[in-house]
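**Student:** Sharing a sequence plus its predicted fold:
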Amino acid sequence: MNTIKLKPIGIIHTPYHETKDIPIQGKFRAEGEGYAELDEKYIDGLIHLDDFSHAFLIYHFHRSDKEHIQGKPFLEDETHGIFAIRSPHRPNHLGISIVRIIRIEKNRIYFAEADMLDGTPVLDIKPYIKHFDCREDVVSGWVDKHFENGQIPSRTILNKES
């Protein structure tokens, strides 16, 4: 296989300095704010992104020094394949999060629903488009049982370190 070289386009800044402090997903801690500071050469790439309420941030899990093929997710102790969980210890160490855009100023995107570590390199940004990204009749595998009847797992479980 060929090697693919990626370069960061900026750095994500959040209040989270340790993995134990990060929510399992940003939507469970809506007040968790941060910003992505892009290299200034990308400012024009942000034109009209502020017309969207949400965006995908694609980033590198820069503090992961492991690669696993299986792992135990936050919500349970059962082992699953790495592609069935969202662990940072995956091939290529890529992460993706949906964030709520608060505002954009020059080369900074201020957002809520942060779920990444401070200092995380951002690789790309894509707008969240409900007409493309929202699906009907979704089945979420082993995760569904943790949200039966509209329940949300307790904060203790949601903050368990991976």
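**Tutor:** Yes, it's here.

**Student:** what about the strands in the chain?
**Tutor:** Secondary structure of the chain (DSSP state E): strands at 10-13, 34-38, 54-60, 70-71, 80-81, 94-105, 108-112, 120-127.

**Student:** In CSV: these, plus distance to residue 139 and mean neighbour count.
**Tutor:** All C-beta atoms are positioned from the backbone trio N, CA, C, and that covers glycine. Formatted as CSV, these follow (distance: least, CB to CB, whole Å; neighbours: other CB atoms under 10 Å):
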stretch, distance to residue 139, mean neighbour count
strand 10-13, 31, 21
strand 34-38, 31, 22
strand 54-60, 21, 20
strand 70-71, 21, 16
strand 80-81, 15, 13
strand 94-105, 19, 18
strand 108-112, 28, 20
strand 120-127, 24, 18
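
**Student:** Out of these, which gets nearest to residue 1?
**Tutor:** Among the strands of the chain, the nearest to residue 1 by CB to CB is strand 94-105 (15.8 Å).

**Student:** The closest one - contacts with which helices or strands?
**Tutor:** strand 54-60, strand 108-112 (3 or more CB pairs under 8 Å, 6 or more residues apart in numbering; DSSP states H and E).

**Student:** can you list contacts of the last one?
**Tutor:** Taking contacts as CB atoms under 8 Å, 6 or more residues apart in numbering, the residues outside strand 108-112 that touch it are 26, 30-38, 46, 49, 55, 57, 99-104, 125.

**Student:** That strand relative to strand 34-38, how many degrees between them?
**Tutor:** On the basis of axes from the mean of the first three to the mean of the last three CA atoms, to 10 degrees, strand 108-112 is oriented at 160 degrees to strand 34-38.

**Student:** who does strand 108-112 pair up with?
**Tutor:** If you go by DSSP bridges, strand 108-112 pairs up with strand 34-38 (antiparallel), strand 94-105 (antiparallel).

**Student:** so can I have a markdown table of these showing distance to residue 12 and mean pLDDT?
**Tutor:** Conversion of the strands paired with strand 108-112 to a markdown table gives the following (distance: least, CB to CB, whole Å; pLDDT from 0 to 100):
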| stretch | distance to residue 12 | mean pLDDT |
| --- | --- | --- |
| strand 34-38 | 5 | 98 |
| strand 94-105 | 9 | 96 |
